[in-house]
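Peer 1: from the sequence below, what's the structure:
(chains A and B, ligands or ions: 2)
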Amino acid sequence: MESSVLLPVLALLCALAFVAGRSRSLAVAGVGGMRILNSLPFYYGSLTAFWCALPSLAVVLIWSIFDGVIIENMVHALVPPAAVEAAGGNIGLVMNQVRNLAAGHLSADSVEPAIAAAADRLVALERINRWALTGVALSFALIGAILAWLKINPQLRARAKVEDIFRWTLLACASLAILTTIGIVMSVLFESMRFFSKVPVTEFLFGLEWSPQTAIRADQQGSSGSFGAVPLFAGTLLIAGIALLVAVPTGLMVAIYLTEYASPRMRNLIKPVLEILAGIPTVVYGFFAALTVAPVIRDMGVNLGLDEWLTISSESALAAGLVMGVMIIPFVSSLSDDVITAVPRSLKDGALGLGSTRSEVVKLVVIPAALPGIVGSVLLAASRAIGETMIVVMAAGLAANLTANPFDSVTTVTVQIVTLLVGDQEFESAKTLAAFALGLVLFVVTLGLNYFALYIVRKYREQYE
Amino acid sequence: MQQTLEQKPPVSPKVSAPPMAPTFSIPEPAQMPVSADYKTVGVPLVENAKFAMRDVNVFYGEKQAVFNVNLDIGENEVIAMIGPSGCGKSTFLRCLNRMNDTIDICRVTGSIQLDGEEIYASKMDVVPLRARVGMVFQKPNPFPKSIYENVAYGPKIHGLASRRVDLDEIVETSLRRAGLWEEVKDRLDAPGTGLSGGQQQRLCIARTIAVSPEVILMDEPCSALDPIATAKIEELIAELSQNYTIAIVTHSMQQAARVSHRTAYFHLGKLIEVNDTQKVFTTPDHALTEAYITGRFG
Ligand SMILES: Nc1ncnc2c1ncn2[C@@H]1O[C@H](COP(=O)(O)OP(=O)(O)OP(=O)(O)O)[C@@H](O)[C@H]1O
Ligand SMILES: [Mg+2]
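Peer 2: Ligands and ions are numbered 1, 2, ... in the order given. You can find the predicted model right below:
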């Protein structure tokens, strides 16, 4: 409650600081008027407001990072060693009790008095903490604003300073994405290291059998689990391959049709439909694949007599791959559309002027000229296909078969990550950690593909100035 | 670019027509009455016509861009088309190889015959037509392929060479005729887009003559080039005129005077005057032509 006033008050202070800064700049300008000011009054106001807000927000941020730990330690001191002893020497359990009690999830009667006292203390400390934070933050705001206000004079380069603040803000936003990526990579990397300390890298990368079920208790019967990821890589490649076989030619032809052949009316009809296709949630594609496409494919396989030679399963790589292919058609077509439209009209005119037919223009001039971009879009589509999960979960099954038979059920890296992490798991087990190792592989592969795609696009972009 | 060309001292003394006496006043061009059924002055028709155009009108949607043009282009003749910007020169030129077909809203009426054959007839196939009537564009537009592939493109799609040696031969002769061979013979595999602007334009000319057209249409082929590259192209046109019929659109009157046999002056979509180039630049028949070549407007 106490800290809930902080933000509104801070906002109010900022507004006041803005007005005060602005009017002071006009006041110091005096009779000379705005002309003698280095910057417009708006910038003096903004600068004052920033000085009000930023230090105070920084205080709040730093405070929030450390206050939890400090309070925790202060409360620790109150918990009698006996209580810790009673909880099996686990201080964490005791602290949980204290926190639950403080939050009102437990009644005070059900615990020892020492713990109840600690909980009371916790409540009190947190209350003080919030008051203190509010007070300190607001004083920083006031002091900052007043200092800035005092510094206002016609020579103060307020505009440049405000610009600096904007630049740093933008930079901070930009680094957020980078920091997130680094954070994800680090966490995946460290967990993977722990996995590889249990399962050798070579077994993981080259092992042919995947059955991650490990014994949960030491006395339990059962396998120790095998973590050969090759069937998963194979399954991923198979499904992504099928998807690309569908999506790339179709998407490309859609793009060519739309850019080179379609009348404007046709284009206006087809483009929105493609966008709808791109907007369908993958879950919907998933059950379309599982309930509609997969049975048809199975029946077709059986009718063609393929079951004489091949396993035909009701969940098949083909079903998942085909539907995934349809899903990424709009992706390929809109990316290719862009690069094909970027081929200058003068090139097409040149080819037509030499007596090329329309298809010759497409084949010999447009596609070669747009090829780098097209390759880029295909690679991006590939990383999309590799990362896709939902359709595969629903339509291709979970069995880690090492097979090239598209009628069989297979599983992919992403699907296994999901199955490894859902349900109750012990975090330390190889089974759970395997998900991070798979994630790492996936990350490296898609990063590589994306990087390669961008490299190709960039390298050949210069071709027509 | 155009500026520099215009500022060059005229090569032909005929070009520098004496400045008009200020007493002779010409109405503002836009208001100058040119009636709807205006008849071209001069000599629009010739004996040995390669192209014969009668009552050609071109429309962009509702808007008419070319009005009732009657014009012949003789065998092995170089005809220059001049006129102020937007007067329909490009539009008219693009009728001759049906490049206007690529613009959805463009419509052409009247008769255009190439060697007595109606090119807008429904049974006319534009692919061989465009092979017979080649085109060089304002901005050099080599394909993003090697120099060799650029020139070999046309012969390949028209099946003019069955063997590699024949193709090599065509590429070499075309580059030679375009005056580019000596400069590129050691780097035929280099990308055509890596050449200088003037070289690119000569490459485009080589590409056009590689399919041995009968007529070459050029739409301001030098407007993106510097004076030296321009001089080379002009030399080339003079040479090509021995074997080809050439129609060239240009904004440079010096250029028209240097390279062409006859000059056609367009104004607001109408063909005002066609005469021997010398005559057009010395004693034009029409006041509008005179106003244009003396730099009153344009
Ligand atoms: N694609 C088009 N769609 C609609 N109108 C067009 C199109 N191309 C040209 N026009 C119109 O037709 C008229 C003639 O244009 P054109 O390009 O033939 O002129 P031009 O004489 O070649 O001019 P310039 O010397 O500037 O090249 C102009 O009024 C122009 O606005
Ligand atoms: Mg033009």
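Peer 1: look up how far ligand 1 lies from the residue most central in space within chain B.
Peer 2: The central residue of chain B, meaning the one whose C-alpha is nearest the mean C-alpha position (Cα atoms, centre = their mean), is B:I248 at 2.1 Å. With the distance defined as Cβ to the nearest ligand atom, to the nearest Å, B:I248 ends up 12 Å from ligand 1. From N, CA and C alone the C-beta is placed, and that goes for glycine too.
Peer 1: now the strands for the chain?
Peer 2: All of this refers to chain A. When assigned using DSSP state E, the strands of chain A occupy the ranges A:210-211, A:226-227.
Peer 1: wait, chain B
Peer 2: Along chain B, the stretches classed as strands by DSSP E are B:41-42, B:49-60, B:63-74, B:78-82, B:106-114, B:117-118, B:133-136, B:215-219, B:245-249, B:262-267, B:270-276.
Peer 1: get me the contact residues on chain A for chain B.
Peer 2: Along chain A, the residues adjacent to chain B under the rule Cβ under 8 Å from any Cβ of the partner chain are A:263-264, A:344, A:346-357, A:360, A:364-365, A:368-369, A:463-465.
Peer 1: by contact count, what packs against the helix or strand of chain A with the lowest mean pLDDT?
Peer 2: For chain A, counting by mean pLDDT, DSSP states H and E, helix A:81-86 ranks last in confidence among helices and strands (a mean of 75). Contact here means 3 or more Cβ pairs under 8 Å, 6 or more residues apart in numbering or on different chains; DSSP states H and E; on that basis helix A:81-86 packs against helix A:91-102, helix A:113-151.
Peer 1: quick check: mean pLDDT across the first one?
Peer 2: Taken as a whole, helix A:91-102 has an average pLDDT of 79.
Peer 1: would you mind measuring from A:L238 to ligand 1?
Peer 2: Counting by Cβ to the nearest ligand atom, the gap from A:L238 to ligand 1 is 50 Å.
Peer 1: that residue is in contact with A:A317, isn't it?
Peer 2: Yes - if you go by Cβ atoms under 8 Å, A:L238 and A:A317 touch, sitting 5.0 Å apart.
Peer 1: can you pull out the low-pLDDT segments for chain B?
Peer 2: Across chain B, the stretches falling below the confidence threshold (pLDDT under 70) are B:1-34, B:36, B:297-298.
Peer 1: flag every residue of it that's near chain A.
Peer 2: Taking Cβ under 8 Å from any Cβ, the part of chain B that reaches chain A is made up of B:97, B:99, B:102, B:104, B:126-131, B:134-135, B:137, B:139, B:141-145, B:153-154, B:157-158, B:191, B:193, B:204, B:207-208, B:211.
Peer 1: show me what contacts residue 248?
Peer 2: As the question left the chain open, I've gone with chain A. With contact set as Cβ atoms under 8 Å, 6 or more residues apart in numbering or on different chains, A:V248 has these partners: A:332, A:378, A:381.
Peer 1: oops, I was thinking of chain B
Peer 2: Residues in contact with B:I248 (Cβ under 8 Å, 6+ apart) are B:78-81, B:217-218, B:221, B:237, B:255-256, B:259-260.
Peer 1: closest to A:R24 among these?
Peer 2: Sorting the contacts of B:I248 by distance to A:R24 puts B:P221 at the head of the list, at 66.6 Å, by Cβ to Cβ.
Peer 1: next up, phi/psi of the closest one, please.
Peer 2: phi -70, psi -20 (degrees, to the nearest 10).
Peer 1: might you report the residue contacts of it?
Peer 2: By Cβ under 8 Å, 6+ apart, the residues touching B:P221 are B:136-138, B:201, B:205, B:233, B:248.
Peer 1: of these - the most surrounded one?
Peer 2: Using other Cβ atoms under 10 Å in any protein chain shown as the contact criterion, the top neighbour count among those goes to B:Q201, which has 31 neighbours.
Peer 1: nearest residue to that one other than its sequence neighbours?
Peer 2: Spatially, and ignoring its direct neighbours in sequence, B:Q201 is nearest to B:P140 (4.2 Å; Cβ to Cβ, 6 or more residues apart in numbering or on different chains).
Peer 1: who's in contact with that neighbour?
Peer 2: Under the criterion of Cβ under 8 Å, 6+ apart, the contact list for B:P140 reads B:197, B:200-201, B:203-204, B:224.
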